[in-house]
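[1] what follows is a predicted structure for the sequence shown.
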Amino acid sequence: MADQGVGDFGSLTADQLTEFFLGFVIHTIEGRVVADLGHRAIERPMSAEEAKLVQEDLHQFVDGHVRGHLGTLLDRVRDLPESEISGMVDRIYRASFELVSATAGDVE
């Protein structure tokens, strides 16, 4: 928000609020995946280059799925039960974790 010169939520346009919400969800899922990978999935050290490639794959996957699944619901997000949003986020997280843990295992 600081990069865009926005100082508070009250001054955000509807498009900026949408982008903030989607970005928050995307980064939350990515953070969960990275934390879980660090705790239980990757058994051997990766090079910085390999880790960067995995992170880029993760971001593209999560970004596409969040925008594809949640982006279509944003017009009525206030009417959606929290459980529906949480369930969708959890499904994207699980798919992301599976993709990246498999990718990380294949990186050589």
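    Thanks, I have the structure now.
[2] for this structure, which helix is longest?
    In the chain, with assignment by DSSP state H, the single longest helix is helix 82-106.
[3] can you pull the buried residues of that one?
    For helix 82-106, a neighbour-count test (16 or more other Cβ atoms under 10 Å) marks 88-89, 92-93, 96-97, 99-101, 104 as buried. Where you see a C-beta, it was placed from the backbone N, CA and C, and this is true even at glycine.
[4] tell me which strands and helices that helix is in contact with?
    helix 14-36, helix 48-69 (3 or more Cβ pairs under 8 Å, 6 or more residues apart in numbering; DSSP states H and E).
[5] could you give the mean pLDDT of it?
    If you average the pLDDT over helix 82-106, you get 81.
[6] pLDDT below threshold where in this structure?
    Along the chain, the parts satisfying pLDDT under 70 run over 1-7, 9, 39-46, 77-78, 103-108.
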